[in-house]
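Student: okay, here's the prediction I keep looking at, along with the sequence it came from:
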Amino acid sequence: MTDETVPPKSAPHSGQWKKGQSGNPKGRPPGRSYRNALDRNAARLSTEFGFDVEDKIAEQHLRLALSGNPWAIKEYADRTEGKPINPIAGADGGPVKIEAIVTGVIREGDE
């Protein structure tokens, strides 16, 4: 293949979005979440294997935590106790000061 047959990366094509345009303006279709996919597959595999797949996964997770796996311990604590709050503090440990500078005001109808 020569350089002449390879289009430049910046060459526009029919499916390319304009700057600032969303690639998925309507969002994810209803009922197609990752959680739903996990639930569907867990139900199918539970029937196929003859045991509750989610219970086996939870059992394996606990085995990993009990063996000292740091990720499994953290995940178990996060799911049972909730993730710890991570406060945002200023440089001196106090509250964060937020300032905004308004450079102009546009009223409706102004261009």
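Tutor: Everything's here; your move.
Student: and the gap between the spatially closest residue to Ala65 that is not a sequence neighbour and Ile106?
Tutor: Distance criterion C-beta to C-beta, 6 or more residues apart in numbering; nearest residue to Ala65, sequence neighbours excluded, is Ala72 at 4.0 Å. C-betas here are computed from N, CA, C, even on glycine. Counting by C-beta to C-beta, to the nearest Å, the gap from Ala72 to Ile106 is 54 Å.
Student: more crowded one of those two?
Tutor: Taking neighbours as other C-beta atoms under 10 Å, Ala72 and Ile106 compare with Ala72 leading, 17 against 7.
Student: Glu59 is in contact with that one, correct?
Tutor: No - assessed by C-beta atoms under 8 Å, Ala72 is found out of contact with Glu59, at 11.7 Å.
Student: how many neighbouring residues does Val102 have?
Tutor: Per other C-beta under 10 Å, the neighbour tally for Val102 reads 5.
Student: element containing it, please.
Tutor: Assignment of secondary structure by DSSP states H and E places Val102 within no helix or strand.
Student: confidence score at it?
Tutor: For Val102, the model assigns a pLDDT of 81.
Student: go on, Thr5?
Tutor: So, for Thr5, pLDDT stands at 63.
Student: Gly23 too?
Tutor: 74.
Student: number the residues from 276 up from this point.
Tutor: Let's use 276 as the start, then, which means that last one is Gly298.
Student: measure it to Gln291 for me?
Tutor: Distance, Gly298 to Gln291, by C-beta to C-beta: 10 Å.
Student: ditto for Gly384
Tutor: 34 Å.
Student: gap between the closest residue to His336 other than its chain neighbours and Gln296?
Tutor: Sequence neighbours aside, Ala347 is the residue nearest to His336 in space, at 5.7 Å (criterion: C-beta to C-beta, 6+ apart). According to C-beta to C-beta, Ala347 stands 42 Å off from Gln296.
Student: same check, this time on Ile360
Tutor: For Ile360, the distance to Gln296 - C-beta to C-beta - is 37 Å.
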